[in-house]
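J.: what's the 3D shape of this:
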Amino acid sequence: MRLFWFFMISTLLLAVSCTDSEKALLIEDQIYQDMFVEFAIINHMDEILLKDTTKEELVNNVYDHYGVTEEQFRYTHDYFESDISEQLLRMEKILIRLREERELINEAAQKYEIEQKAAADSLHQRILNR
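T.: The predicted structure is shown next:
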């Protein structure tokens, strides 16, 4: 009987300790979302914009910035996906942020085009006025 209780307590302690070590791998929800957004943006970047930088280097910079390992991110991603309804809500928030980022990028691109057109028109006028 004593052996039975020893086995039961040992098993319970082992289960609790595994859970704690697994939870230590989890990153905060907001950090997960921030990183997911950054990874999505990197994934869709045009290679021409990267110049001498690779997407892998940018991804590693994200891990470094947040102090998170690839293992932690993947574990958290798998853990969050185990509750599909919560993950769908999380993904809706991420999609909203990605749309906002896309709008900011589009606005910046339009502003840049207007500035380039104004500069070209100004140069054209200077040439004509000579």
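J.: hey, which helix or strand in the protein has the poorest pLDDT?
T.: Between all helices and strands in the chain, the lowest mean by mean pLDDT, DSSP states H and E belongs to helix 2-25, at a mean of 50.
J.: moving C-terminal of that one, what's the next helix or strand?
T.: Where DSSP states H and E defines the elements, the next helix or strand beyond helix 2-25 is helix 29-43.
J.: Residues touching the next helix or strand after that next one, excluding its own?
T.: Downstream of helix 29-43, the first helix or strand assigned by DSSP H and E is helix 47-50. For helix 47-50, contacts defined as Cβ atoms under 8 Å, 6 or more residues apart in numbering pick out Leu58. Just so you know, the C-beta spots here come from the backbone N, C-alpha and C atoms, and that holds for glycine as well.
J.: quick check: angle from the next helix or strand after helix 47-50 to helix 29-43?
T.: Later in the chain than helix 47-50, the nearest helix or strand by DSSP H and E is helix 55-66. Here the directions of helix 55-66 and helix 29-43 differ by 160 degrees (axes from the mean of the first three to the mean of the last three Cα atoms, to 10 degrees).
J.: for helix 55-66, packing partners?
T.: helix 29-43 (3 or more Cβ pairs under 8 Å, 6 or more residues apart in numbering; DSSP states H and E).
J.: for the helix it packs on, packing partners?
T.: helix 55-66, helix 70-81, helix 84-129.
J.: For Ile41, find the nearest of those.
T.: Taking Cβ to Cβ, helix 84-129 is the member of those nearest to Ile41, at 6.4 Å.
J.: Please identify which of the helices and strands packed on helix 29-43 is closest to Tyr32.
T.: helix 70-81 (5.3 Å).
J.: Identify each buried residue in the closest one, please.
T.: Residues of helix 70-81 classed as buried: 72-73, 75-76, 79-80 (neighbour count, 16 or more other Cβ atoms under 10 Å).
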